[in-house]
Each structure stands twice: as structure tokens, then as C-alpha cells.
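**Q** just the structure for this:
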Amino acid sequence: MTRLRRAGLAPEEGPHAVAAVGPGGLRIVALDGPARAHGLRPGELLGRVRARVGVPLHIHPADPEAEAKALHRLCRWAMRYAPLVAPFGPAESCHGFYIDIEGASHLMGGERALLDDLAMRLARADVPARIALADTPGGAFALARCGAAGSLLVPSGETAAHLMALPVEALRLEREVSTGLRRLGLRRIGDVEALPRSGLARRFGLAPLLRLDQAIGRRPEPLAPLAETRTFSGARGFLDPIGRQEDVVAASRSLMDEIAPRLERAGLGACALRLTLHRVDGAMRALEIGLSRPERSPERIAALVSLRLERLGAGLDAGFGFETVELTVTSAETMSPRQGTLGGSGSGERIASLADTLAQRIGRRLVRLAPQDSHVPERAEGIVPWIAPARPYPADLPARPLVLFAKSEAARDVFATAPDGPPHRFRWRAREYRVARAEGPERIAPEWWRESGEPRDYYRIECEAGQRLWLYRDGPHGQERPATWYVHGMFP
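**A** Residues are numbered from 1 along each chain as shown. Alright, predicted model coming up:
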């Protein structure tokens, strides 16, 4: 229903439903809010529903292919939170997805912050969702499907305790198995857990035990994440395996010859490629090749591959040879048309060529400093990839120290004649400094959209011994809260 509404295919008011062919005829497979308010439920026969409901019911045919594409797009969007996103399969009715946030939740400020951000963005896009975070995929599905509404976060180690009160349908069992369990009085997961396992397996097979163990965490449940998009790729197999560097380079050039026309038709250029070498014994070696600007020249790509192989040397370990060479464009960006002949390369292309050559020779990604969208000194500048679009520095930026500490250091025993004036004497790094001259203050307020705090008053000071430091007072001086001072940088 969400797909139909967002696509403008269900503009009329009133109850809407999606129907598909099922046992006994057309059956309801999805409903909107007004339809559920009339007591309708998925799985009912459409003829009985029309006879029972007195209001007009708008029926839409099911389109599994369109729904799969919509879910795929939603999963791609969800990769903003973690790279491993797996869409629900038939056992979960294909109406959702898993996100493995292990090792990624701290980037969003923690698990609760991630759940809140996910729920907020889905609600803003008018996508109804039930969200749960648990130790296992099966536990998360059960809690999202049958647990409390909204976003539920279960602390680590407490998933099993939260599952016991849920209905048996939360275990992703077939309808016949769930119905059989209920006929025996086993309505909750806790009732199934309390039974002897041998008797349960003889009566219903291994499916209930497997789903129960996966949900609680006794057995692993590997996810099937979305495969990486491989629109621009090519592979070549060899009857006689190759092992020499020049043969691998020639194969790479030939594969790029095939990929380049497709990139050109799409108006794109490769920014990153992966060269995958499959050995005869089944071993695989993948080489990542990054470029500083979009490129689709086979000769240029072959030259970078050659440099990368030269740096590897004996570390490539061809063994008995490579039987398959595969080249894949893993990142592409819009590329403006360039003149290929009758003229030399511009300065920008020569700089990009030098950057790519250095990156392949030293084996590390090239980076540079660039201004950031922040006026707080420690966040005003950062390291970005070489290929990031260039951004100009502010023209009216006040003087900044050449050395800026990653974390400001506390200044002790600060003496100032005026409470809100510059310091005259302080202790820093176990040494006492006396101030000869001071300029300031320069007030820098905290960023209200990120954090709360006191404004900083920065002073450029010159000590009697010659040191030039950048100090700031964290907030105004008060009787209940004495001002604290910090050294943030050093001038040359």
C-alpha cells in the first residue's frame, strides 16, 4: 500500500486493499489503515470481504515485481546506516529488511540514536514501520512483527526473555505448523520452549526447533545481503591459465575496452575499479584501484594496473596461474566529454595522472585538507579524499595557529586582572608562562544543532619567553562556576 500511495496509484479516499490469487480465489494480501479499521485482515477471501463490508472498497492487483523493486530501493537507502542490509525473504513475507549494525551504530551516536533516526526518516517519508533491535535476526523479526509498536531496543543478552511471551507465529513458521501448535495449546514461544525437543520434532519436524534456536541464538542465521551492483563489469576466462604481469595487464586493457563504451553511453566515468584474479586452485585475489577523477581510457587503466602489479611483485602469487580475470567498476561519476586526440592533456589531467600514479606506487589513498561546514576550530578543516570536489576556504577567516591540537589542553593556575579579560599568568605542561601581549577576544559559539555548551573566548597571546599560543576561556567567569582555560594551538 505504501508503494501505491507514494506512486500516486491510490489517490482516492476510503479503504484500499491489494488482492492476489490464492487458495479458493482472490485473497487480500495488504490493507491500508481505513481498511483495517473496518475489521479486515490479510488472507481473507475478497468475495466474502465485499459481502461483509458496506462501504466501497478500492481493490488493487498485486504486483510482486514492482514490490520487490520498491523493497530493493528501500534497502539501498538503508545502507546509510550499515553496509550489510538484507531484504526479507518468503519466510518473512518479503515485507521488510534486516540491518546488521554491529560495528556501525557508534557512527550514529549509539543504538538508540540510530533507531530514532531510522524511525524519524521513515515517518517523514510516510513509510509505516515497526523496528526492533535484538541479538539475532530471528529475534529482531519476532519483536518487530509481534512486539510493542514503535522502535524497540532489547539489551544484549535479553532477547530470549523478551521472546517467550510472543505468539508462535513470530517464529516464521508455515501456517499449518502454527495452526497445529495452537490446536495443542501452544500459543506462546515460551510454551514451545518448555516442551521436550524430541517429541516436538516427531510431531512437527525440525522447522520449529530450527526457528526457535535461530531466534534465541543457539544456531547462527547467516543473512543474504544485497549483492553489489555490477552494471559495468567484464570477465575473461583462459583455457591456458596466465601468470605473467604483462598478460594480466593486457587482459585488463581488453576488459576496459568492453566496459568503456557502456560508461560513455551512460555519461559516466570510473572512479574506482576492482580487478579480481581467480587462480586455478580456487584462490582469489582482489586489487582495488582508485582514481582521482572519472576515467574510461583503457590505456590509463592498464597503466595503473601495471603499477599496482609492480608494487606487489612476488606478493601477487599466481600459483599455477589465473584462469579468470574480472574487472568491475565499483564507483562511477558523471564525466563530461573530453577530446581524445589532437592536443595534449590539460594541467588538471596531468595532476590527476600524477596523483593516480603515486597512489598505486605507495599503495595508499591520497588525501588532502579541505574546509568543512563548521565554525568550531577543531571541525573547521578535515581530511578528504583527493577526488572530493574542491571547496574554497573563507576569504575573511581570522588568524589561526599553524599547530592546532586535536584536543585542547587545560591551562592551570590562571591569573587574570579582569574576570573576563586575558590571562597574565598560567601553568601549562608543568611550566609557568607569563603573558607579555594579548589580542582578543574572538568569541566562537557552539553549534546548537550538534551540541550544547558555553561560548569560547579565544586570545592570541605572546609569552615573555617568546611562545605564541592560542588560548580560550570556556564560558564566562562566575562565582559558582569559575572560568576554565585551555590551550588550543601554537603560532609559529
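**Q** only C-alpha atoms for contact and neighbour calcs from this point on.
**A** Will do.
**Q** got the CA positions of the one helix or strand residue 211 maps to in CSV?
**A** Using DSSP states H and E, residue 211 sits in helix 207-216. Listed next in CSV are the C-alpha coordinates belonging to helix 207-216 (Å, rounded to 0.1, in the frame of the first residue of the first chain):
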residue,chain,number,x,y,z
ALA,A,207,11.4,-26.4,11.4
PRO,A,208,10.0,-25.2,14.8
LEU,A,209,13.3,-26.2,16.6
LEU,A,210,15.4,-24.5,13.9
ARG,A,211,13.5,-21.3,14.0
LEU,A,212,13.4,-21.3,17.8
ASP,A,213,17.1,-21.8,18.1
GLN,A,214,17.9,-19.1,15.5
ALA,A,215,15.7,-16.6,17.3
ILE,A,216,17.2,-17.3,20.7
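**Q** domain parsing for the protein?
**A** Following automatic domain parsing, the chain resolves into domains at 2-62, 66-216, 237-337+345-356, 366-396, 403-490.
**Q** how about these in a markdown table, adding mean neighbour count?
**A** Below are the domains of the chain laid out as a markdown table (neighbours: other CA atoms under 10 Å):
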| stretch | mean neighbour count |
| --- | --- |
| domain 2-62 | 15 |
| domain 66-216 | 17 |
| domain 237-337+345-356 | 17 |
| domain 366-396 | 13 |
| domain 403-490 | 16 |
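**Q** in TSV, list those domains along with mean pLDDT and distance to residue 224.
**A** Shown next, in TSV, are those (pLDDT from 0 to 100; distance: least, CA to CA, whole Å):
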stretch	mean pLDDT	distance to residue 224
domain 2-62	81	23
domain 66-216	90	6
domain 237-337+345-356	85	20
domain 366-396	78	31
domain 403-490	90	36
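**Q** rebuild these as CSV, extending it with distance to residue 226.
**A** Listed next are the domains of the chain as CSV, based on distance: least, CA to CA, whole Å:
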stretch, distance to residue 226
domain 2-62, 20
domain 66-216, 6
domain 237-337+345-356, 14
domain 366-396, 26
domain 403-490, 33
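**Q** nearest to residue 223, of those?
**A** domain 66-216 (6.3 Å; CA to CA).
**Q** ends of that closest one, how far apart?
**A** For domain 66-216, the first-to-last residue distance is 34 Å (CA to CA, to the nearest Å).
**Q** for the residue in the chain sticking out farthest from the centre, give its distance to residue 206.
**A** Residue farthest from the centre of the chain, counting by CA atoms, centre = their mean, is residue 417 at 52.1 Å. As judged by CA to CA, residue 417 and residue 206 stand 81 Å apart.
**Q** where does residue 260 sit: helix, strand or coil?
**A** Under DSSP: H, G, I helix; E, B strand; the rest coil, the three-state class of residue 260 is helix.
**Q** who's in contact with it?
**A** For residue 260, the contact set (CA atoms under 8 Å, 6 or more residues apart in numbering) comprises 296-298.
**Q** ok, 10 Å please
**A** Shown in contact with residue 260 (CA atoms under 10 Å, 6 or more residues apart in numbering): 232-233, 266, 268-270, 295-298.
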